[in-house]
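# starting from these lines, generate the structure:
(chains A and B)
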Amino acid sequence: MSATPANSTGSFVLLEVGKRRFALSASHVAELAPPVRLHTFPHESPLVVGVIVRRGRIVPVYDVAPVLTGRSSGTHRFYLIASLYFGRTAEPSAIPLQGECELATGEVFSPAADAPPYISATLVTNGERIPVLDLEALVTQSAAPSSAATGEALS
Amino acid sequence: MKIAPHDASKPRRRAAPEAMILFSTGRQLFAIAAQAVQEIRSTDGLASAAVEISAPDFAKVTHFFERNHRNWFIVNACAHFCLPVTRPMLVLILRQARAALLVDHIERMAEISAVYSLPRAFSGEERRWYRGLAYIDDSVIPVLDPAGVLTPEEIARLDFHSASLLAEREFEGAANS
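Take a look at the predicted model:
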């Protein structure tokens, strides 16, 4: 990452996807939910693997691992429930996670010039640089899982 | 960070009960409003009346049959939902569209109080396939939209194609006699 000056500071949830760490704005995160039953049915929406029932609502589940790491997430320990905006409407959405989550604060920098569009910034916390996810950009991009552009740009 | 406890609450129910037929096709369970189905026939029972059709761009439409001087088009549900094709046993003849669905089995009837909107995360053809989602016995089941099986434009094209097919057969029959 270049020596871009810090734009701001903020609270983030750090999550592990396929042994890589990403940050998500804490304001988007509602809760961590246990690995309840995934209900599946035919559809054609990329990244969506099914739905879960949480707090009386049907919540779509996105497997973001193929885009972020090039691999399916496989077994998971819990779901991170975050708000995803479709226009002005927020929809609770679940992301299966295998690793730990933690809350962190830090300075936010511009993303690397070659970062994929779903990386909106870089969080610097405890000397570590962590890409900040833009969930809307991530799920709306129509890239096929095999074209996971992630790797090099985020290493 | 703590994980929230298991969630015992279920989708909230709102409206008056609606009778649903739960059917399976391609090892998937679907629901359709009982009111949307005019008749359920076995594939054997309809075989003698059905004419095979192979219309371009309509791989899911396998046959048609005549009823009240109009053609009804038989759609393979597996092909409609892009599922691996199985051997269907039943035909659901729909009420609101001149279409019938080839399905594997009827599982049972169920009464539901609400059809929940399909989350916006679903942005593909499924928005046309489903009215929404039902929550029945701890399972989320998609509720088929009968209007999404064949659109009026598709039926018009199939009408044209089936009429051509019948005219061709009539001509061939006349030529052979």
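# what bits of chain A have low per-residue confidence?
Across chain A, the ranges flagged by pLDDT under 70 are A:1-7, A:73, A:142-155.
# tell me where it has helices.
With helices called from DSSP state H, chain A shows them at A:65-69, A:135-140, A:150-154.
# chain B too?
B:43-47, B:77-80, B:126-129, B:152-176.
# would you reformat those as JSON lines and include mean pLDDT, distance to A:Val36 and mean neighbour count?
No exception for glycine: its C-beta is placed from N, CA and C like everyone else's. Output for the helices of chain B, formatted as JSON lines (pLDDT from 0 to 100; distance: least, CB to CB, whole Å; neighbours: other CB atoms under 10 Å in any protein chain shown):
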{"stretch": "helix B:43-47", "mean pLDDT": "87", "distance to A:Val36": "38", "mean neighbour count": "13"}
{"stretch": "helix B:77-80", "mean pLDDT": "95", "distance to A:Val36": "28", "mean neighbour count": "23"}
{"stretch": "helix B:126-129", "mean pLDDT": "96", "distance to A:Val36": "22", "mean neighbour count": "17"}
{"stretch": "helix B:152-176", "mean pLDDT": "83", "distance to A:Val36": "38", "mean neighbour count": "13"}
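# now those as TSV including distance to A:Val13?
Output for the helices of chain B, formatted as TSV (distance: least, CB to CB, whole Å):
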stretch	distance to A:Val13
helix B:43-47	53
helix B:77-80	40
helix B:126-129	30
helix B:152-176	46
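# of the ones you listed, which is nearest B:Leu102?
With CB to CB as the criterion, B:Leu102 lies closest to helix B:77-80 of the helices of chain B, at 5.8 Å.
# what residues does that closest one touch?
B:25-26, B:30, B:59-60, B:83-86, B:88, B:101-103, B:129, B:149 (CB atoms under 8 Å, 6 or more residues apart in numbering or on different chains).
# of those residues, just the buried ones, ChimeraX syntax please.
Of these, the buried ones go into a single ChimeraX selection, burial set by 16 or more other CB atoms under 10 Å in any protein chain shown:
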select /B:25,26,30,60,86,88,101,102,103,129,149
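# list the beta-bridge partners for residue 24.
All of this is about chain A. A:Val13 (DSSP bridges).
# that's the other chain; I wanted chain B
Under DSSP bridges, the beta-bridge partners of B:Ser24 are B:Leu29, B:His105.
# so B:Phe81 is in contact with B:Thr25, correct?
Yes. Between B:Phe81 and B:Thr25 there is a contact under CB atoms under 8 Å: 7.3 Å.
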